[in-house]
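Novice: no sequence on this one, just coordinates:
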């Protein structure tokens, strides 16, 4: 599965606005592209794609069991793709919950 949120190669290298001069802070991605989707939209899109991969894997398994399909390799590949996608989304969820727990513990 490709990077579901497009964050692996980002590396924190946000572009610097040349009009701000040297030593300026990098511009935020939201400020540089007003048409960029929100985090919520990215997350929902990726949840839908993971769900679709799981449904495809389930359908492939059912087709193999019923005899409508005989290519075991494709079924295994679909199952592994769905598993990897689910594990990635689950890891993201766990990281988000850890961050939320840290924010909750901040004393104001």
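Specialist: Sure, I can see it. Since we're looking at a predicted model, the values are computed, not measured.

Novice: and residue 108, what pLDDT?
Specialist: Listed pLDDT for residue 108 reads 82.

Novice: ditto for residue 14
Specialist: At residue 14, the predicted lDDT confidence score is 50.

Novice: before we move on, what about residue 45?
Specialist: Looking at residue 45, its pLDDT stands at 95.

Novice: Assign a three-state SS to it, would you?
Specialist: What DSSP: H, G, I helix; E, B strand; the rest coil gives for residue 45 is helix.

Novice: Distance check, it against residue 52.
Specialist: Using Cβ to Cβ, to the nearest Å, we find residue 45 at a distance of 11 Å from residue 52. Quick note: C-beta positions are derived from backbone N, CA and C, even for glycine.

Novice: repeat for residue 98
Specialist: From residue 98 to residue 52 the distance is 27 Å (Cβ to Cβ).

Novice: Which neighbours do residue 45 and residue 52 have in common?
Specialist: Residues touching both residue 45 and residue 52 (Cβ atoms under 8 Å, 6 or more residues apart in numbering): there are none.

Novice: Right, I'll call it a day here.
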